[in-house]
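In: everything below, folded, please.
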Amino acid sequence: MEQRELVIIGAGPAGLTAAIYGKRAGLDVLVLEKGKPGGQILITSEIENWPGTINASGAGLADSFRAHAEHFKAEFRTATVTELRPAGGKTVLVTDQGEIEAKALIIATGANFRKQGCPGEKEFTGKGVSYCAVCDAAFFEELEVAVIGGGNTAVEEACYLTQFAEKVYIVHRRDQFRADKLVAERALKNPKIVPIWDSVLEAIEGDGLVERMVLKNVKTGEKDVVAVNGVFIFIGTLPNAAFIGNAVKTTENGWIVTDENMKTSTPGIFAAGDVRDTALRQVVTAAGDGARAAMSAYAYIMENK
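Out: Numbering: from 1, shown residues only. This is a model prediction of the structure:
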């Protein structure tokens, strides 16, 4: 069986930062990623809160993270982890490329978008239903679209969509956005954005492509049909942690529980970034988690030599 010192699952900001810190500490580092390195920032058009960089694209920032880790000779491998088997202070990772034994493991697999679950969502995914404005906004130039949700991601993506769409409805179940004040104010000042308050998405309809959405007012129960060509859904996230099983303690919703040093309930296993049970999920917090997790993993490996 292949044996490594530090294995990192996930190549988003948390995993890539952990790789940088792990290599700088002199560890043998292997990063496993089933997709393109970068994580969720790959689908973020603009990042304005990464310290020292006033404005950057998500893809550009992801590329710089990867290049930085490669500069310190971190090894990258495309693989999908299907199971974890902790034993004797080490962890065996079962992957589609074989089994790997790690002296220390950092789980940095991030989170994924929550589905609305309404009629028409699955059928029209890729045909007008999207979870990524950056990926698909250009398809809706001078058309009318809707964004479902009222948090930072939903409101920010709605603002981005106004660069292409003629009109952007923001459908939110409350009477005000949950987004940060600055983000909300920016959206409400945009003449292309039309908020629809106290409403939820009941169905998505059309003939081959999205043509309309059915909304329900949560206060009156009344339903309304609004013509749109696209529906962008941003209603929260779920942890990418199905492979974990009972290897570490998680919350009821599957988020990994750690202490302030990113230690999980299982010796030798650490977690960092959005997959962790944390109140704030941002690039900067993920990077901080990754750094701390790597140094905690280094201390663990040194203690158990």
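In: can you give me the pLDDT of I43?
Out: For I43, the pLDDT comes out at 66.
In: before we move on, what about the one 4 residues further on?
Out: If you check I47, the pLDDT there is 80.
In: for it, which non-adjacent residue is closest in space?
Out: With CB to CB, 6 or more residues apart in numbering as the criterion, I47 has its nearest non-adjacent residue at 5.0 Å, and that residue is A56. Bear in mind the C-beta positions are built from the backbone N, C-alpha and C, glycine included.
In: ok, K223 next?
Out: Leaving aside its chain neighbours, K223 sits nearest to K216 (5.2 Å; criterion: CB to CB, 6+ apart).
In: buried set for the helix or strand hosting that neighbour?
Out: Assessed by DSSP states H and E, K216 sits inside strand 210-217. Buried residues in strand 210-217, counted by 16 or more other CB atoms under 10 Å: V210, R212, M213, V214, L215, K216.
In: same check, this time on stretch 290-305
Out: Neighbour-count burial for stretch 290-305 flags G290, A291, R292, A293, A294, M295, S296, A297, Y298, Y300, I301 (criterion: 16+ other CB under 10 Å).
In: pLDDT of stretch 2-15, averaged?
Out: Confidence over stretch 2-15 (mean pLDDT, whole number) is 97.
In: hmm, I was thinking of stretch 260-274
Out: 98.
In: by contact count, what packs against the helix or strand just after the strand holding K216?
Out: The helix or strand immediately downstream of strand 210-217 is strand 223-227, counting by DSSP H and E. Under the contact criterion of 3 or more CB pairs under 8 Å, 6 or more residues apart in numbering; DSSP states H and E, strand 223-227 touches strand 210-217.
In: direction included, what does the strand it packs on pair against?
Out: If you go by DSSP bridges, strand 210-217 pairs up with strand 199-206 (antiparallel), strand 223-227 (antiparallel).
In: closest one to E2 among these?
Out: strand 199-206 (46.1 Å; CB to CB).
In: now do the closest one, average pLDDT.
Out: Strand 199-206 shows a mean pLDDT of 98.
In: CA atoms only: put it into PDB for me.
Out: C-alpha atoms of strand 199-206 as PDB (Å, rounded to 0.1, in the frame of the first residue of the first chain):
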ATOM      1  CA  SER A 199     -42.200  34.300  -1.800                       C
ATOM      2  CA  VAL A 200     -40.900  30.800  -2.500                       C
ATOM      3  CA  LEU A 201     -40.400  28.900  -5.800                       C
ATOM      4  CA  GLU A 202     -43.100  26.300  -6.300                       C
ATOM      5  CA  ALA A 203     -42.300  25.100  -9.800                       C
ATOM      6  CA  ILE A 204     -40.400  25.800 -13.000                       C
ATOM      7  CA  GLU A 205     -42.200  25.300 -16.300                       C
ATOM      8  CA  GLY A 206     -41.600  25.500 -20.000                       C
END
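In: touching, V226 and Y169? I think so.
Out: Yes. V226 is in contact with Y169 according to CB atoms under 8 Å; the separation is 6.5 Å.
In: with neighbour numbers in mind, choose between the two.
Out: Taking other CB atoms under 10 Å, V226 and Y169 do not tie; Y169 has more neighbours (22 against 15).
In: and that one, what is it in contact with?
Out: Applying CB atoms under 8 Å, 6 or more residues apart in numbering to Y169 gives the contacts E144, V145, A146, V147, I193, V194, P195, I196, V226, V228.
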